[in-house]
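Q: could you work out the structure for the sequence below:
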Amino acid sequence: MSLSLLILIFTILMSISYAHFGPKYLSEPFPPPVNAVGNTQIPLEYDCALRAFTIEMANYIAPPPFKTNWTTLAQSAFQMNQCHNTSYSNYQSSSFSSSKTKNAKKNKSCHHSIYVHDFKGNDQFDGSFRRPMKTIQAALHHTRLRRQTYAGENQNTLCIIIRGGTYYLGTNASTTTTSQKGVIALTSNDSNLVIENYEDERVVLSGGTLLDLKWSLHSKTSTGGTIMKAQIPSWVNVDEFNELYVDDRRAIVAKYPNGDPSTQGLYATDPGFSYGSQSWIPPIHHPSVEIHVQEPHRDGTTFPYYQLGVGGGASVFNPPSNFWSTASPPAGDNYVVPGGLVVKNNVLPHIQQWSNPSTGFVHAFHSGYWGSWIFEIESVNSSQNTIMFGRGGFQEARGSDSGGAFYVSNLFEELDSPNEWFLDKTTRTLYFMPNQTMGNVFVASQVACLISLSGSSMNDPIENVLIQGLILTQTSNTYMKEYMVPSGGDWSVHRGGTIYMTNTKHMSITRNVFIELGSNGIVLIDYNDDSSMIWNEFAWLGDSGIILVGSTNGIDGYSVESQPMNILIESNLFHETGIYVKQSSPVLISVSRNVRVMGNLMFNMPRAGVNINDGYYGNHTISGNVIFNSVRETSDHGPINTWDRQPYLTDSVESGIPSLWQHESYIHHNVLFNNYRSVWPIDHDDGSCFYENSYNFLIYGGKKNYLGHSKTDHHEIYVYSDLSSGGFGSNNCLNNYGAQRGSSGWNETWIENTCILYNSTIPYNLGGCDTASLFVPYLASNKIYIPSHSEATFICNVNGTRTQLNLQQWQSYGLDIGTVIDVTPDVQTIIEWGRKMLQR
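A: Now for the predicted structure:
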């Protein structure tokens, strides 16, 4: 294929318009999310049995040292106390373990070790076990001096071994530290290095600084609470002090409505959000310069052309570009965000008392609940209940002219609830409202990135670094830092986090705990090759767990290799992510190659567990994972989500031959429990193609294709697929939306699957089915179970009339040959099928 590109740049409307199809374009308002972990459409006995089996599978995939912890956490998250009066309050322990990792801890032979001890160390010591250094930074400097001094030392593995204690890396952190440059900043000169804890000692790396405060009484509240105040030291950087951690937990920046964002959201009875908006100030449109690549293009898809908007409305991102910033993006709308918010009377009872509203923020959901925004408050007209927005709204890429549920934060007058705090940056005064007793340890966040691994280039990467056995915590949040739009998915991302990686090779990050963090956990940006993240825990994160984001030269992803590739994410535990940023996931894959996500447990997140943001390259494997309690605060999504709107040239199909099609990806042997607002267990959304889905145990939802093609589903078990509570007409074994000859719905295959329906007798939702010109997925050799004393019904147009067909009539058109219908079995029979399929 020729690489010559015809680029048309203009600022007016595109000449090509796209029809709006199917589930994305509903006019009715979004209802509050379901506040239940279980499915109320089925007897509790059945639902509890399926929860118990999911916990059993979490135990099955857990690494041996973590089985008890994973099981206990899963039981709590599934609220198994609801099941005490059923037969299934306890899970059945699996007989085998799926873990292939044998060693409890990776061991690399250390040519030389430098010890660090915060309490007993001194940076003037030699770093021996008896005379350890005090700081990790000094130990790193020592390794560099050693490599310069001794010939051949660059090829030897040096180890920094850290003794137990808390290391406050935010104290006196360099002003050059950013969310992409850590306090511990490794470069290409630091290859062949181990940073680890000593034996089983507890090593904590904090992104904050310990505050020694002298508290005094500020005031008493009308409800009997006490607000205390204290001056913060002069060396504390107030601009990075945007999180306060009290006794190792994130405190609540003063907000209204009251509620802890860590533990209260739209999934809770008391969500800490308000639904009291009256109207949204219309956005101001800023046209972007538009780039449209006419050649090369891909035929047979709703999304044939590469396109991008640059500048204008996209200027809020860095770089200032966005797939959604053309005038008429395919199957969507131009990116805009509201200019402000008008609330109903008495929704914000303290708005007239706000003395300095410009310190505040508005956290608001997108109108379709596809993500969330955070805005600075620019001004307030309290007499008209109006808040005007300043900078913000870039925390997701789609945009909308209105929002949803919201809360306001960082306003002194809203400091009225236990564990809330406010920092007056001008006077350097910290205000805090304790519970019955005052906290003991106060830590101010100071940095967002603790460790960075940054090679000079992809030709001179940093190589062979092992980081293990650390607890990383108490970092600054980054939701008002720069975000970028990586591709044609719904996402924008902040390319920074606790561990930042670029231009790396052969990295291993294992057995660490990422907890109570303001930003992302691990960030892999551009070139990162052959690295693994294994046996880590990610919990209570402001944003995502692990994000992989590459880059291209426009449509050309063939001649550049600036992408994460050959990455393994295995046997990690993710929970309580997306505390602030709701368009977030435990794992994001965008513009990346050959990523394997295997054997992870994920629960309690606002959106998908795994999001594949685009169709770049492909050859991903998502297998052996257990995901539940996803999509707790958003809509139109599932535990695994994919998009493919933007074409890219790669050689994924045939090495050395550029093509706009990607390598097939594989999703298999997962347990996906579709509760809260999840709609489809595997949400193959806009344009998704070239996936093989097999041997998955899918609870409460069926297969989805929307504007995509070339997917095969086989040997799946769909459990009560008619009981999805997410809407969008999803209550079938198979949902094929928006199929049109020449653009979507072709080369779709659904064979040898098992689908159990609880109430319904209609297996398929096949948009546009017409026997006069059949254009439906290839269907064959499936097993469909329906309620007793009923007959399966297949709906299709016959002679121009919507007709209900029985199986024999349906098969007379050459469809579903070999498919059989039977009576829905009891839940334990279904679970035993799952055990046989998954516990190999």
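Q: isn't Y737 right next to G767, touching?
A: Yes. Between Y737 and G767 a contact is recorded at 5.3 Å, counting by Cβ atoms under 8 Å. Glycine gets a C-beta too; all of them are placed from N, C-alpha and C.
Q: give me the more crowded residue out of those two.
A: Y737 (23 against 19; other Cβ atoms under 10 Å).
Q: separation between the more buried one and H141?
A: 58 Å (Cβ to Cβ, to the nearest Å).
Q: could you do L779 as well?
A: Distance, L779 to H141, by Cβ to Cβ: 65 Å.
Q: tell me which of those two has more neighbours.
A: Ranked by neighbour count (other Cβ under 10 Å), L779 and H141 place L779 first, with 25 against 14.
Q: phi, psi of that one?
A: Main-chain torsions, L779, degrees, to the nearest 10: phi -120, psi 130.
Q: what pLDDT does the closest residue to it other than its chain neighbours get?
A: Spatial nearest neighbour of L779, chain neighbours left out: D816 (4.4 Å); criterion: Cβ to Cβ, 6 or more residues apart in numbering. D816 is assigned a predicted lDDT (pLDDT) of 98.
Q: which neighbours does the helix or strand hosting I160 have in its sheet, and in what orientation?
A: Per DSSP states H and E, I160 falls inside strand 158-162. If you go by DSSP bridges, strand 158-162 pairs up with strand 112-116 (parallel), strand 193-197 (parallel).
Q: give the buried residues for the first one.
A: Meaning strand 112-116. 113-116 (16 or more other Cβ atoms under 10 Å).
Q: I'd like the average pLDDT over that strand.
A: For strand 112-116, mean pLDDT is 97.
Q: go on, the last one?
A: On average, the pLDDT along strand 193-197 is 98.
Q: contacts for that strand?
A: Residues from elsewhere that reach strand 193-197, judged by Cβ atoms under 8 Å, 6 or more residues apart in numbering: 108, 110, 136, 143, 157-162, 164, 184, 186, 203, 451, 464-470.
Q: please list all residues in contact with the closest residue to G834 other than its chain neighbours.
A: Closest residue to G834 apart from its sequence neighbours, by Cβ to Cβ, 6+ apart: F697 at 4.5 Å. Going by Cβ under 8 Å, 6+ apart, F697 touches 57, 670-672, 717, 719, 834, 837-838.
Q: next one: F697 from I682, what distance?
A: 12 Å.
Q: spit out the residues that contact the two alike.
A: Shared contacts of F697 and I682, defined by Cβ under 8 Å, 6+ apart, are found at L672.
Q: quick check, E570 in contact with V587.
A: No. In this structure, E570 is not within contact of V587 by Cβ under 8 Å, at 11.2 Å.
Q: is it correct that the residue nearest to L779 is in contact with Y778?
A: No. Under the criterion of Cβ under 8 Å, D816 is not in contact with Y778, lying 9.6 Å apart.
Q: please say which of the two ends up with more neighbours.
A: Higher neighbour count among D816 and Y778: D816, with 24 against 14, using other Cβ under 10 Å.
Q: ok, that one to G545 distance?
A: 40 Å.
Q: Three-state assignment for H363, please.
A: Under DSSP: H, G, I helix; E, B strand; the rest coil, the three-state class of H363 is strand.
Q: could you verify my assumption that it touches S372?
A: Yes. Counting by Cβ under 8 Å, H363 does reach S372; the two are 6.5 Å apart.
Q: tell me which of these two has more neighbours.
A: Neighbour count, other Cβ under 10 Å: between H363 and S372, S372 has more, with 28 against 24.
Q: is the more buried one in a bridge, and if so with what?
A: Counting by DSSP bridges, the residues bridging with S372 are F365.
Q: report the contact partners of it.
A: Taking Cβ under 8 Å, 6+ apart as the contact definition, S372 lies against 363-366, 395-396, 580-583, 606.
Q: give me the beta-bridge partners of I499?
A: In beta-bridge terms (that is, DSSP bridges), I499 pairs with I451, I522.
Q: for it, which residues are in contact?
A: 182, 449-453, 467, 472, 509, 521-523.
Q: quick check, nearest of those residues to P65?
A: I509 (17.0 Å; Cβ to Cβ).
Q: wasn't R147 part of a strand?
A: No. According to three-state DSSP, R147 belongs to no strand; its state is helix.
Q: confirm for me that it is in contact with E153.
A: Yes. Using Cβ under 8 Å, R147 makes contact with E153 at a distance of 4.5 Å.
Q: of those two, who's got more company?
A: Per other Cβ under 10 Å, whichever of R147 and E153 has more neighbours is R147, with 20 against 16.
Q: next up, the contacts around that one.
A: 153-154, 158, 189.
Q: mind checking which of those residues are buried?
A: 153, 158.
Q: how about the contacts of R147 in TSV, adding secondary structure, distance to T771 and pLDDT?
A: Listed next are these as TSV, based on DSSP: H, G, I helix; E, B strand; the rest coil; distance: Cβ to Cβ, whole Å; pLDDT from 0 to 100:
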residue	secondary structure	distance to T771	pLDDT
E153	helix	75	84
N154	helix	71	86
L158	strand	71	97
N189	helix	69	96
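Q: most centrally placed residue in the protein?
A: The chain has S585 as the residue nearest its centroid, 0.8 Å off, counting by Cα atoms, centre = their mean.
Q: name the element it belongs to?
A: Applying DSSP H and E, one finds S585 in no helix or strand.
Q: can you name the residues that contact it?
A: The contact partners of S585, by Cβ under 8 Å, 6+ apart, come to 544-545, 577-578, 605, 607-611.
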